[in-house]
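[1] Pasted the sequence and its predicted model underneath.
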2 protein chains.
Amino acid sequence: MLRRFVSNNQVGKVVAANVAKSFTKHQTQTLALKSWSTLNAKRTYASKQPPRLTSETYSYVKRDAKYKQLTPTDVEAFKTIIGSKGSIITDEVPSDLDFYNEDWMRKYKGQSKLVLKPTTTEQVSEIVKYCNQENLALVPQGGNTGLVGGSVPVFDEIILSVANLNKIRSFDNISGILKCDAGVILETADTYIKENGNYIFPLDLGAKGSCHVGGVVATNAGGLRLLRYGSLHGSVLGLEVVLPNGEIMNSMHALRKDNTGYDLKQLFIGSEGTIGIITGVSILCPPRPNAFNVSFLGVESYEMVQKVFQKAKNELGEVLSAFEFMDNKSLKLTKSHISSPEPLEGEHPFYVLIETSGSNAEHDSAKLETFLESSFENELILDGTVSSNESEFKNLWSWREMIPESSAVGGGVYKYDVSLPLKDLYSLVEAVNERLEAAGLSSDTDASTSVISAIGYGHVGDGNLHLNVAVRTYSKEVEKCLEPFVYEFVSSKNGSISAEHGLGFQKKNYIAYSKSEQEVKMIKQLKNIYDPKGIFNPYKYV
Amino acid sequence: MLRRFVSNNQVGKVVAANVAKSFTKHQTQTLALKSWSTLNAKRTYASKQPPRLTSETYSYVKRDAKYKQLTPTDVEAFKTIIGSKGSIITDEVPSDLDFYNEDWMRKYKGQSKLVLKPTTTEQVSEIVKYCNQENLALVPQGGNTGLVGGSVPVFDEIILSVANLNKIRSFDNISGILKCDAGVILETADTYIKENGNYIFPLDLGAKGSCHVGGVVATNAGGLRLLRYGSLHGSVLGLEVVLPNGEIMNSMHALRKDNTGYDLKQLFIGSEGTIGIITGVSILCPPRPNAFNVSFLGVESYEMVQKVFQKAKNELGEVLSAFEFMDNKSLKLTKSHISSPEPLEGEHPFYVLIETSGSNAEHDSAKLETFLESSFENELILDGTVSSNESEFKNLWSWREMIPESSAVGGGVYKYDVSLPLKDLYSLVEAVNERLEAAGLSSDTDASTSVISAIGYGHVGDGNLHLNVAVRTYSKEVEKCLEPFVYEFVSSKNGSISAEHGLGFQKKNYIAYSKSEQEVKMIKQLKNIYDPKGIFNPYKYV
Ligand SMILES: Cc1cc2nc3c(=O)[nH]c(=O)nc-3n(C[C@H](O)[C@H](O)[C@H](O)COP(=O)(O)OP(=O)(O)OC[C@H]3O[C@@H](n4cnc5c(N)ncnc54)[C@H](O)[C@@H]3O)c2cc1C
Ligand SMILES: Cc1cc2nc3c(=O)[nH]c(=O)nc-3n(C[C@H](O)[C@H](O)[C@H](O)COP(=O)(O)OP(=O)(O)OC[C@H]3O[C@@H](n4cnc5c(N)ncnc54)[C@H](O)[C@@H]3O)c2cc1C
C-alpha cells in the first residue's frame, strides 16, 4: 500500500519523516516498468487504425525521379552481399513488410519493397556502395520507435535495418565504457552493464524495450535520465559509421578525453540517418546508484511546479535524478488506460514526480524527507506520497511512463515535443486547448469531434514539454489547426520545435522556426558534402 | 594545522572519524588558489629564458608564400573597422607585441607585427572578411595560456585577440544558463555566477585567472571538474562564431534539448581557432555545491592508486568531484618551489588528492570518513589528511595545482598530456625516465644534463596523464629522445596523444598516432570546406 500524507503541516511533517525509505540495488532488479515495451514481441501501436500511405496523406510530396526503382537484379546483388546469415525481406508476402513500413504512431506508411538486415559493418558498407552507385535511396532503421516519421520510407526507399547488428563488443567494468553494435536493444545494454559491474546506461526512455542504442544516438534521444547524466553529446565516446559513399568511419574510441582534431562523431549524434548509418557505439556509463526513491506530488498550479523544481534542485542537488510533471488531464487519460492503484486520493491541477538516486540510501532518504517536510510547510505541495518498496516505485513511475501510450488509445495522437523557457512551458498547452475549442474541434465527451483533448507533461528539469493532442481520428483539419501554430508559438519564445524527437518527416519544413538562415545553410551544406546524391533518408530532415 | 592520521588501523579509524569536516559555501568564498593566475597582471612564464623564434627552432617549417605580407594600407583598413574603442598594437614599440607573440611555456615565438583587439562580433566579422579577401593569415588568440603553441603565430600572421570582447551577456539563475562574450576570463565568469545565484562553472583549471571562456571552448579544455560535470560537448548549449569567410554563425541557443539539425556548434568545440573565431558562448552551469572536502593520501604503488580510485567511485559516487594523482617526483619538485606546509610527514611513492562536493556537508563527510576508514583497514592507503577548514583545503589543492609551474622553474618543460587506459597510465612515465637516463640526458643533481626529471601526475578519473619533462634548457637532443617515442607509446596502447591541450603547432604532424586515415581525411575535408584559403591559424592542427 502506498503511504500518503496530506497537506496539513502537522500530519505532513510526521508522516514525511517516516515514509522516505530508499530501497537498495538488490530490491531494484527490474526497476523499469515499460508495459509498452514489454509487449514488443507482439508489436503494439499507438493507434488501432492501420495508417494511410504517407504519399496519400501528404500528397504534395512527390517521389523524386532521380532515384532508381528497385529491380530484380538489385535484389540479387544484395543477396550476394548479405549471404545466408543476414536476412532479406521482399514483397513476396507483402504483410511481412508492414512492420518496417509503418511507424509506431501509425501516422506514416511507406511502400518499400525491400528490407535488408545485414549482420556486419562490412555488409552495410557494401550495400551502401551499391546503392550509391545505382542511385537507390535507403532508410536506415533501428527499433522503429521514432515519433516523427523518420524511420520509415515515404515512397519505395529500401529499408536498411541494423537489427541484426546486435552484439555487445566489450565492456570495461573499471572505466564503465561499453562498446556495442548499433542494433543492441537499449534495455539489453542496460541490463548487461548492470549485471557486469553494476553500471547504468546514461539514458532511459519508455521505448527502451524496442529502441536501439544506435537509434537513440541517431536521434540524440533525451529521456528520463538526462537531468542527471547529461546529453549523449557528452557521454558518447566513439562511433562507427558507414557514410553515404560506403566508406567506414571507425571512430570507436574509448577515451574520456581526446583532443585531436574536430570531434567528427558529434555530427552523427542526432543526424537521424541522413549522413551516416551508425553501426557501432562506444559510450561512457556511470556507476549504477545503490538507492532509488520516488515521490509523487499534487501541486496547485504550474507556478508552484516551478517553485518545487527550484527547491528540489537546490536541496536534492546531486541525488535529484528526475523531475517530471504532468497536468490533470494527462493523469485522467492514464487512469482510463491502466489499472494500477492511483498515486493520490484527491484530484490536483498538476502532478510532479521526483526521483532521487544515490550511493547511500539513508542520506538520500534524509534529503528527500527534509525537502518534502519544508515543501509542505511552505505550502508548495498539496499532497504527496513516497515509494517505500520496489513495486510502489514502479507503480508511481508507471503513472508518468504510460501517458504517451494512454494518450493514443482513443484513436491516435499528434505529438509535439518542444523546448521552452521554464516560465512559458505550460502556456503552450493552454493556448492549444483554447484554439481547438474555439474551432469546435475538441471535446472529451462528444464523440463526434476529432480531438479528445490536448495534454501536457514532460521533463521540467530539461525545459522539455510533451504536448500530446489525443484524437479519435487523424484529420487534416486538426493538423491545420495545430501546425504551424505550435511552431510559431515556440519560435516566438525562442524555444525549439524539437527537444528530443527530431525533425524526421514531420518537421522537415519547419526547421526555420528553430534555426537561423545561416544555420540552415550550414546544415544543408554538410548534408550535401556527405551525401551529394541524397540517397540517405530522402524527403526528411532538411 | 592539518590533522593527520597514519596507517595504523586503530589510529586511522579514530582520527578519520574526527577530521572529515566539510565546510560550507560561506567559508569557501575564494576556494581557488591559483598562484600562477593571480600573478597574471604582471605576466609570469613557465621559463625564464626568452624564447627563440619558432621559425628558427623549427627551421623546416617555411612561411607559405600564398599569404600576403602586411602593408600600411591593411593597417589603415583595420583602423577603420575597429574605430577608436578597440585597440590595435603595431610594431612601433616592438616589445608591446611580445606578450602576444610568445606562449606561456616560452617554447614558441612568432613574429607578428599586428595585434587587433576588436570590441564587437561585427568588427571581428569585418576584419575576417578583409583578411579573407586579401589572403592575410591570422591567429585567433584568447588568454594565451595554451600549451601547444596554438595561440601564437609561427611567422607574421596577424593576431586577433578577443580580449576586448569581455561582457557577460546574461545569466538566468533559474536554469543556470550563462551567455557571455568569448573574451570573459574563466575566473570572472565563475565568480559572477557564484555571486548571482550560487552556480559553478562546469570547468576549472590552473590557468583560470587568465584563460578565456572562449579559449577553453576552442581547446575543449578538460581540467579539474570534468570527472563531475562532464565535457564541454555536453554543457555548451550555444556558440556565436565568425567563420573564415566572415559570416557570423549565431547559434547562441539556451536550450538544454534541441534536436533540429546537425549540432553545428560541436564542430567548433576543440577546433583551436582553425575554422572559426568564437565570439560568444552559452553554457549550462550546475548549482554550486554547498560543501567541499579534500583529502590528501599517501599510496604505496600505482596499482594501489587504481584500487583507491575504484573504491572512491563506488563509495563516494555522486559527491566525488576530483580524483588526482601525482608521483613522488612531482611532489618533490613542488616542494622546492612553494612554501606551504607539506601535506604529509613521510615520503610516499604516490599521492592521491580526492575532492568531494555536495549539497549536504554532514552526508559528504560521513561518506568520506567511511571511505577513508575502510581504505586504511584494507591497507590501500599508507597515510592521509583531510582538510578541516578553507585554508587547509586551499593548501592541499595547491600541492596539486602548483606542479605545472614547479616543473618549469628549473629552466623549461616539455609537456605531454595523454589519455591512456587506466592500467597503462603510469608506465609511460617509467618508460620515459628509463629512456632519458639510458641516453645520459637526465639527472636531478648533475646540472650539466639537460633534463632534471620526468614526472607524472594528472586526472586519474579521466584516464588523463600529464607527463612533464622538467629541463634546465630546451634542446633538440631531448626533443628527439622524446618524440615520436611518447606518441608511439601512446598509440600502441590505443590512447590519445592529446587528452586536453590539443594539437596546436606542437602536434600538427602527429595526429595519425591517434586518428585513423579516414578520420584525418574527414578532418582535413572540414578544414577545407570552412577555410579553403587556409587563413585561420596556419601551420597548425592538421
Ligand atoms: C513509447 C515511446 C517513448 C519515447 N520516449 C522518448 C523519450 O523520452 N525521449 C526521447 O528522446 N525519445 C523518446 N521516444 C522517441 C525516440 O526517438 C525513440 O524511441 C528512439 O530514440 C529511436 O530509436 P530507434 O532505434 O527506435 O530508431 P528508429 O525509430 O528506427 O529511427 C529513428 C531515426 O533514427 C534513424 N536511425 C535509427 N537507427 C539508425 C542507425 N543505426 N544509423 C543511422 N540512423 C539510424 C532513422 O533513420 C530515423 O530517422 C519515445 C518513443 C516511444 C515509442
Ligand atoms: C597553468 C596552466 C594550467 C592548465 N591546466 C589545464 C587543464 O587542467 N586542462 C586543460 O584542458 N588545459 C589546461 N591548460 C591549457 C588550456 O588549454 C588553456 O589554459 C585554455 O584552455 C586556453 O584558453 P586561452 O583563452 O588561454 O586560449 P589561448 O591559449 O589563447 O588559445 C588556445 C587555442 O585556442 C584558440 N582560441 C583561443 N580563443 C579562441 C576564440 N575565441 N575563438 C577561436 N579560437 C580561439 C587559439 O587559436 C589557440 O589555438 C593549462 C594551461 C596553463 C598555463
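    Looks like it arrived, so ask away. Ligands and ions are numbered 1, 2, ... in the order given.
[2] which stretch of helix or strand covers whichever residue of the stretch 401-542 of chain A sits closest to ligand 2?
    Distances between the stretch 401-542 of chain A and ligand 2 by Cβ to the nearest ligand atom are smallest at residue A:522, namely 16.8 Å. For glycine as for every other residue, the C-beta is placed from the backbone atoms N, C-alpha and C. Per DSSP states H and E: residue A:522 is located in helix A:517-530.
[3] Regarding the residue of the stretch 201-350 of chain A found nearest ligand 1, what is its secondary structure?
    Ranking the residues of the stretch 201-350 of chain A by distance to ligand 1 (Cβ to the nearest ligand atom) places residue A:215 first, at 1.8 Å. Three-state call for residue A:215 (DSSP: H, G, I helix; E, B strand; the rest coil): helix.
[4] What is the neighbour count of it?
    28 (other Cβ atoms under 10 Å in any protein chain shown).
[5] leaving aside the residues next to it on the chain, what's closest to it?
    residue A:142 (2.8 Å; Cβ to Cβ, 6 or more residues apart in numbering or on different chains).
[6] again, but for residue A:425
    Using Cβ to Cβ, 6+ apart, the nearest residue to residue A:425 is residue A:465, at 5.0 Å.
[7] Pretty sure the residue nearest to residue A:215 sits against residue A:162.
    Yes. Look at residue A:142 against residue A:162 with Cβ atoms under 8 Å: they come within range, at 6.2 Å.
[8] hang on, residue A:191 is in a helix, isn't it?
    Yes. Membership of residue A:191 in a helix is supported by three-state DSSP.
[9] Any idea how many residues pack against it?
    16.
[10] Next, find the distance separating it from residue A:402.
    21 Å (Cβ to Cβ, to the nearest Å).
[11] next one: residue A:219
    21 Å.
[12] Quick check: residues of the stretch 151-300 of chain A near ligand 2?
    Within the stretch 151-300 of chain A, no position is adjacent to ligand 2 by Cβ under 6 Å from any ligand atom.
[13] mind showing which ranges of the stretch 151-300 of chain A have poor pLDDT?
    Across the stretch 151-300 of chain A, nothing is flagged by pLDDT under 70.
[14] What of chain A?
    Ranges of chain A meeting pLDDT under 70: A:1-48, A:86.
[15] Contact residues of the stretch 101-250 of chain A facing chain B?
    Proximity of the stretch 101-250 of chain A to chain B (Cβ under 8 Å from any Cβ of the partner chain) is limited to residues A:174-175, A:219-220, A:222, A:226, A:230-231, A:233-235, A:247-250.
[16] could you redo the last one with a cut-off of 10 Å?
    Neighbours of chain B within the stretch 101-250 of chain A, by Cβ under 10 Å from any Cβ of the partner chain: A:148, A:172-177, A:198, A:202, A:219-222, A:226-237, A:241, A:243, A:247-250.
[17] among these, which ones are buried?
    Using 16 or more other Cβ atoms under 10 Å in any protein chain shown as the burial test, those include A:148, A:172, A:175-177, A:202, A:219-222, A:226-237, A:241, A:243, A:247-250 as buried.
[18] And the strands in the stretch 1-150 of chain A, which stretches?
    A:3-6, A:23-24, A:87-90, A:114-117, A:138-141 (DSSP state E, counting those that start in this stretch).
[19] Please apply the same query to the stretch 251-400 of chain A.
    A:277-284, A:291-299, A:320-327, A:350-358, A:383-386.
[20] Serialize those to CSV and add fields for mean neighbour count and distance to residue B:263.
    Listed next are these as CSV, based on neighbours: other Cβ atoms under 10 Å in any protein chain shown; distance: least, Cβ to Cβ, whole Å:
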stretch, mean neighbour count, distance to residue B:263
strand A:277-284, 26, 15
strand A:291-299, 25, 31
strand A:320-327, 24, 24
strand A:350-358, 26, 27
strand A:383-386, 25, 38
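[21] Dump those strands to JSON lines, plus distance to residue B:487.
    Formatted as JSON lines, the strands of the stretch 251-400 of chain A follow (distance: least, Cβ to Cβ, whole Å):
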{"stretch": "strand A:277-284", "distance to residue B:487": "22"}
{"stretch": "strand A:291-299", "distance to residue B:487": "44"}
{"stretch": "strand A:320-327", "distance to residue B:487": "41"}
{"stretch": "strand A:350-358", "distance to residue B:487": "41"}
{"stretch": "strand A:383-386", "distance to residue B:487": "55"}
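[22] Out of the ones you listed, which gets nearest to chain B?
    Distance to chain B, taken as Cβ to the nearest Cβ, is lowest for strand A:350-358 among these, at 5.5 Å.
[23] Enumerate every residue touching whichever residue of the stretch 101-250 of chain A sits closest to ligand 2.
    Using Cβ to the nearest ligand atom, the closest approach of the stretch 101-250 of chain A to ligand 2 is made by residue A:234 at 15.6 Å. The contact partners of residue A:234, taken as Cβ atoms under 10 Å, 6 or more residues apart in numbering or on different chains, are A:202, A:284, B:226, B:229, B:230, B:231, B:232, B:233, B:234, B:235, B:236.
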